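Asks: just the structure for this:
(one chain, ligands or ions: 1)
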Amino acid sequence: MTPDTLLSWPTPSRSRNAPPVEARFAAGTAWIDGRIVPVAEASLPLLDWGFLRSDACQETISAWDGLLFRLDDHLDRFWRSLERLRMTSPLSRDEIRGAIHALIATAGYDNAYVQIIMTRGRPPIGSRDIRLCTQRFQAFCIPYVWIATPEVQQRGLHVHIGSRHRVPATSVDPMVKHYHWLDFELGLLEAFDHGAETVVLTDGQDHLLEGPGFNIFVRKGEKLLTPRSGMLDGMTRRTVMELCADLGISVEETDVPVAALRDADEAFLTTTAGGVLPVASVDAKAIRNGPGPFTARIHAAYWQRRADGWLGEPVDYTVPAA
Ligand code: PLP
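Replies: Now for the predicted structure:
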């Protein structure tokens with residue numbers, strides 16, 4: 001590894017003066033029926049169709065060093081998911097924003113992973129009329145999650161191309177941030193069977209789509225390629241495209257063949273849960289430059305922007321009254 005491919009993370013700079021945290025909230029917090037409870041005590045009614053039918057949408061937001069990243073963009077995307085699923089939020093946008101702040105404040109975290117979730121609810125017992133459901137909002141906050149830890153990122157991830165295809169966009173809208181993950185889950189098991197650490201699924205026509213919780217970029221020469229459709233428009237993907245515009249790196253949204261990844265100069269994954277994750281190998285064959293200089297530059301720019309407070313909203317560490 002050369003100095004220009006070594007990854008680094010800015011050191012925390014903010015002091016938030018958060019009040020001492022109650023021990024029962026140290027592992028995380030959850031928002032259930034308007035109350036904040038320790039995350040291990042959070043539960044969902046068994047008959048909620050969010051559970052029985054995977055009829056739910058979510059948004060995952062991170063805070064780093066006391067700053068929530070792109071909160072308004074996440075709330076916009078959450079509302080887009082709700083509209084596409086024909087759901088109505090029982091809480092206003094400001095109430096959900098307040099819940100996010102309150103969950104982090106109560107947990108007392110600088111670096112947090114927050115998931116806000118809308119489930120369909122349930123119709124009266126005995127009815128299967130979806131129109132009679134009232135949606136339920138719930139959320140949780142746990143310490144920041146890394147799909148790949150900084151140590152793993154430094155050497156790059158081993159990726160497997162799944163034999164299973166991503167559920168088609170004509171069946172389940174990938175622009176809804178949903179929980180239709182059985183394809184990813186079984187793909188992950190397949191990846192582990194092959195000695196890899198994660199999986200990328202395709203569209204069935206040999207084009208890359210996405211993986212469990214991330215989008216993908218491939219470098220060919222001076223240009224980055226990333227899938228154009230059939231996957232979630234990840235917030236980190238969007239951030240990387242904006243950073244590349246500033247760094248003068250050209251990005252093409254296009255159909256990306258699996259062969260382009262196998263023969264890539266570099267490749268990386270993007271996710272709220274870890275940022276910019278270099279790829280070291282695909283199906284046990286090393287990527288030419290993994291992690292390489294483009295990835296390292298984009299990685300550094302991403303974390304520097306976050307440290308600078310770009311599109312950041314300071315967490316309000318006022319712990320709400322019980
Ligand atoms: N694709 C899928 C299926 C995801 O679930 C996620 C995030 O959870 C992503 C892509 C990456 O999106 P983001 O950068 O907003 O975390």
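Asks: could you report the neighbour count for the residue in the stretch 51-200 of the chain that the ligand sits nearest to?
Replies: Going by C-beta to the nearest ligand atom, the ligand is nearest to Thr60 of the stretch 51-200 of the chain, at 5.2 Å. Every residue, glycine included, has its C-beta placed from N, CA and C. Thr60 has 18 neighbours, counted by other C-beta atoms under 10 Å.
Asks: is it in a helix, a strand, or coil?
Replies: Put simply, Thr60 is strand when judged by DSSP: H, G, I helix; E, B strand; the rest coil.
Asks: spit out the contact partners of it.
Replies: Each residue near Thr60 by C-beta atoms under 8 Å, 6 or more residues apart in numbering is listed here: His74, Tyr113, Val114, Gln115, Lys177, Thr272, Ala273.
Asks: wait, does stretch 262-274 contact the ligand?
Replies: Yes - applying C-beta under 6 Å from any ligand atom, one finds stretch 262-274 in contact with the ligand at Thr270, Thr271, Thr272.
Asks: next step: those restricted to helices.
Replies: Using DSSP state H, no member of those falls in helices.
Asks: which one among these gets closest to the ligand?
Replies: Using C-beta to the nearest ligand atom, those come closest to the ligand at Thr272, 3.2 Å.
Asks: phi, psi for that closest one please.
Replies: phi -60, psi -30 (degrees, to the nearest 10).
Asks: which residues touch it?
Replies: By C-beta under 8 Å, 6+ apart, the residues touching Thr272 are Thr60, Ile61, Ser62, Phe69, Tyr113, Gly213, Gly234, Met235, Thr236.
Asks: same question for Phe78.
Replies: Taking C-beta under 8 Å, 6+ apart, we find Phe78 in contact with Cys57, Gln58, Glu59, Ile96, Ile116, Met118, Lys177.
Asks: farthest-separated two in these?
Replies: Longest distance between any two of the contacts of Phe78 is 14.3 Å, between Ile96 and Lys177; criterion C-beta to C-beta.
Asks: now the residue in the chain positioned nearest to the ligand: closest residue in space, sequence neighbours ignored.
Replies: Nearest residue of the chain to the ligand, counting by C-beta to the nearest ligand atom: Gly234, 2.8 Å away. Nearest residue to Gly234 in three dimensions, chain neighbours excluded: Asn215, at 4.2 Å (C-beta to C-beta, 6 or more residues apart in numbering).
Asks: surely the one you found is in a strand?
Replies: Yes - looking at Asn215 with three-state DSSP, it is inside a strand.
Asks: count of residues packed around it?
Replies: Asn215: 24 neighbours (other C-beta under 10 Å).
Asks: where does it land on pLDDT?
Replies: At Asn215, the pLDDT value in this model is 98.
Asks: that one touches Leu269, doesn't it?
Replies: Yes - contact status for Asn215 versus Leu269: in contact at 6.9 Å, counting by C-beta atoms under 8 Å.
Asks: ok, so of the residues of stretch 262-274 next to the ligand, who is nearest Thr106?
Replies: Out of the residues of stretch 262-274 next to the ligand, the member with the shortest distance to Thr106 (by C-beta to C-beta) is Thr272, at 20.8 Å.
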